[in-house]
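*Asks:* sequence first, predicted coordinates after that:
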Amino acid sequence: MPRLVRWIWIVLALHLTLGMIAYAHFLVTGQYTVLGLYFSALGTPFFLVMTSTECCVAIICRSWFDSDEPMRLAWGMIACAALARLAGVLLRAVSDGHLPWGGWRHFSLPPGSLFANLSQLALVIGGPLSMAFLAVGLSQVLRIQRRFRLVGSLTRGDKTLLFLVVAFSISQLAINLPLLAKYPSLGTILLWMSDPLLSILLIEAILVRRSVIRMGQGLVAKCWGMFVLAIVITSIGDAAIWADNHGFLSSSMTALSWYIWFVAAAAFASAPAYQLAAISLTRGENLHLLEKQ
Amino acid sequence: MNLLGKWHPGFWKRKLQAAPGRDVHFEAAPASGLDDLQMRLNQWSDLWGQDADPAIRTAAQELVAERLTRWIERCFGQHVESSLRGKGRPISLASSTPIFTAFLGRRATRELSRRVLQDI
């Protein structure tokens, strides 16, 4: 495993260990004090570290492609997605006052603005905007993979999953569209795009997964495999939010579902780290990875 | 100086004409140098190409194929190598360079090719 990827997963493991202690405290006492402290004091810095790592590494990966190479656009879009996620985390931290160097609570949007509040703006930037960038990037990757005949045909399981995802998105749109009559803010409308965009990402993830299976266990294959994992985990997190909003989850299960986002952040950060490891291998770095086979 | 005049095609035509009375004389290269160059080009062509008959492959070709296989397995995976082998032909720089360039970039592929051809 490349050094940076190992580092990411070690940080995640340590973070989740502390998180489980906080969760155990919540289960025993039934109080959110320690759990809240964990998510605000450690959760926000964790997201900041992971998203900034992802963003920096994606920019480095992009710089390794010349302007006329198609993969440059893909990595550019992935870097934009990571940057949007980082901006979302920062804005969220500012609006919630979760930054360690705090005192930012006083920032608020002027009345009558397009977004209900700063937190909603953060959700739009870190959610639908980031997803849109990633969808464009992955579509470019799929185009390249198709050129090399790496994208395999879909199995029956893939088709079933695709059908469920599309059906869920349509049902969500059907619920949300009548609400347009109530003149919701632009931020709210943009947030409705989260589910369709996540569906597009899942469809792309299924296709990328097929190509990863066709490739094997190499560093580039693992890079795209990590994106698939991150998208699937994001979808599970999204489904957990939906289930919680509809009262399908107990309070203990809801609290547990919040940890999903840390795993998704680590998977998103690992993807460009694998690509960078493959590139640095050609430069004579990490040659031990070449020996271990 | 009339800068706009430089956009006129006539300006460039005039510039491109050879200056009179300044003929360039090329010295004939020594025959040994040309032979050496020809040998290098042939060697490079053998290493690059994929149409070599598997039965008459040289040790250098074997080594390049072996190194490329290891790089492909490490970068992409064990299944890609078989898809790059066309009609039972061994893997070569010609068959593997496009996929390396697409996924790792031109510069990284150049570095990789250097490593593959090292000491050959």
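*Replies:* The structure has been received and is ready for your questions.
*Asks:* buried residues of the helix or strand hosting A:Trp242, list them for me.
*Replies:* Secondary-structure element containing A:Trp242, defined by DSSP states H and E: helix A:219-245. The neighbour-count criterion (16 or more other Cβ atoms under 10 Å in any protein chain shown) identifies A:219-235, A:237-238, A:240, A:244 as the buried residues of helix A:219-245. Yep, even glycine has a C-beta here, placed from its N, CA and C like the rest.
*Asks:* model confidence over that helix, on average?
*Replies:* When pLDDT is averaged along helix A:219-245, the result is 87.
*Asks:* tell me the helix or strand right after that helix.
*Replies:* Counting by DSSP H and E, the next helix or strand C-terminal to helix A:219-245 is helix A:251-257.
*Asks:* hang on, the earlier thing: what is the helix holding A:Trp242 packed up against?
*Replies:* Using 3 or more Cβ pairs under 8 Å, 6 or more residues apart in numbering or on different chains; DSSP states H and E as the contact criterion, the neighbours of helix A:219-245 among helices and strands are helix A:130-147, helix A:194-215, helix A:251-257, helix A:260-282, helix B:59-75.
*Asks:* could you tell me the angle between the helix or strand where A:Cys56 lies and helix A:130-147?
*Replies:* Here A:Cys56, judged by DSSP H and E, is contained in helix A:44-63. Helix A:44-63 runs at 40 degrees relative to helix A:130-147, counting by axes from the mean of the first three to the mean of the last three Cα atoms, to 10 degrees.
*Asks:* show me what helix A:44-63 packs onto, helices and strands only.
*Replies:* Looks like helix A:44-63 contacts helix A:3-29, helix A:70-96, helix A:260-282 (3+ Cβ pairs under 8 Å, 6+ apart).
*Asks:* quick one: closest of those to chain B.
*Replies:* Using Cβ to the nearest Cβ as the measure, helix A:260-282 is the one of those that comes nearest chain B, at 4.2 Å.
*Asks:* quick one: residues contacting the closest residue to A:Ser52 other than its chain neighbours.
*Replies:* Using Cβ to Cβ, 6 or more residues apart in numbering or on different chains and skipping the chain neighbours, the partner closest in space to A:Ser52 is A:Leu86 (5.7 Å). A:Leu86 makes contact with A:Leu48, A:Thr51, A:Ser52, A:Glu54, A:Cys55 under the criterion Cβ atoms under 8 Å, 6 or more residues apart in numbering or on different chains.
*Asks:* JSON lines for those residues, including distance to B:Glu66 and neighbour count?
*Replies:* As requested, those are exported to JSON lines (distance: Cβ to Cβ, whole Å; neighbours: other Cβ atoms under 10 Å in any protein chain shown):
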{"residue": "A:Leu48", "distance to B:Glu66": "45", "neighbour count": "17"}
{"residue": "A:Thr51", "distance to B:Glu66": "41", "neighbour count": "25"}
{"residue": "A:Ser52", "distance to B:Glu66": "41", "neighbour count": "17"}
{"residue": "A:Glu54", "distance to B:Glu66": "36", "neighbour count": "28"}
{"residue": "A:Cys55", "distance to B:Glu66": "38", "neighbour count": "23"}
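*Asks:* residues near residue 64, how many?
*Replies:* If you meant another chain, say so; for now it's chain A. 22 (other Cβ atoms under 10 Å in any protein chain shown).
*Asks:* I was thinking of chain B, sorry if that wasn't clear
*Replies:* Neighbour count for B:Val64, taken as other Cβ under 10 Å: 24.
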